[in-house]
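[1] Build me a structure from this.
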Amino acid sequence: MIDPPEITRTDTARVACDGATDIPGGAALGHPRVWLEIDELGYVDCGYCDRRFVLIGGPADTIPPSDTAEGGAEAR
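    Down below sits the predicted model:
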């Protein structure tokens, strides 16, 4: 079985992905940095690593605002 893609919630419609945000050593261990634009569906998938970026409060955001903890794993 294939693991589901990693989901990162963000409050901006334009995000950067290098595949190694959480890896010590950074982008040298990931993929080339790409800039992605979240569309009207409320999410965008990285073509390199399949990480999904979901716009907070957008149509694809399934986590209610009351369930979000401050300082979570949200990208900025």
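
[2] Give me the below-cutoff pLDDT ranges for this structure.
    1, 4, 21-29, 64-76 (pLDDT under 70).

[3] any chance you could map the strands in it?
    For the chain, the strands defined by DSSP state E occupy 7-10, 14-17, 34-37, 43-45, 52-55.

[4] Only the buried residues of the third one, if you could.
    In terms of neighbour count (16 or more other CB atoms under 10 Å), strand 34-37 has its buried residues at residue 36. C-beta here means a position set from N, CA and C on the backbone, and glycine is covered the same way.

[5] looking at the strands of the chain, which is closest to residue 63?
    Across the strands of the chain, residue 63 has its closest neighbour in strand 7-10 (7.1 Å, CB to CB).

[6] So which elements touch the closest one?
    The contact analysis (3 or more CB pairs under 8 Å, 6 or more residues apart in numbering; DSSP states H and E) places strand 7-10 against strand 52-55.

[7] Partner strands of the strand it packs on and their direction?
    Sheet pairing of strand 52-55 (DSSP bridges) gives strand 7-10 (parallel), strand 43-45 (antiparallel).

[8] Can you lay out these as TSV showing mean neighbour count and distance to residue 35?
    Putting these into TSV (neighbours: other CB atoms under 10 Å; distance: least, CB to CB, whole Å) gives the following:
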stretch	mean neighbour count	distance to residue 35
strand 7-10	19	13
strand 43-45	18	10
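
[9] Let me have those strands in TSV, extended by distance to residue 58.
    Listed next are those as TSV, based on distance: least, CB to CB, whole Å:
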stretch	distance to residue 58
strand 7-10	10
strand 43-45	7
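
[10] Output the strands of the chain in JSON lines; the columns should cover distance to residue 61.
    Below are these laid out as JSON lines (distance: least, CB to CB, whole Å):
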{"stretch": "strand 7-10", "distance to residue 61": "7"}
{"stretch": "strand 14-17", "distance to residue 61": "14"}
{"stretch": "strand 34-37", "distance to residue 61": "16"}
{"stretch": "strand 43-45", "distance to residue 61": "8"}
{"stretch": "strand 52-55", "distance to residue 61": "5"}
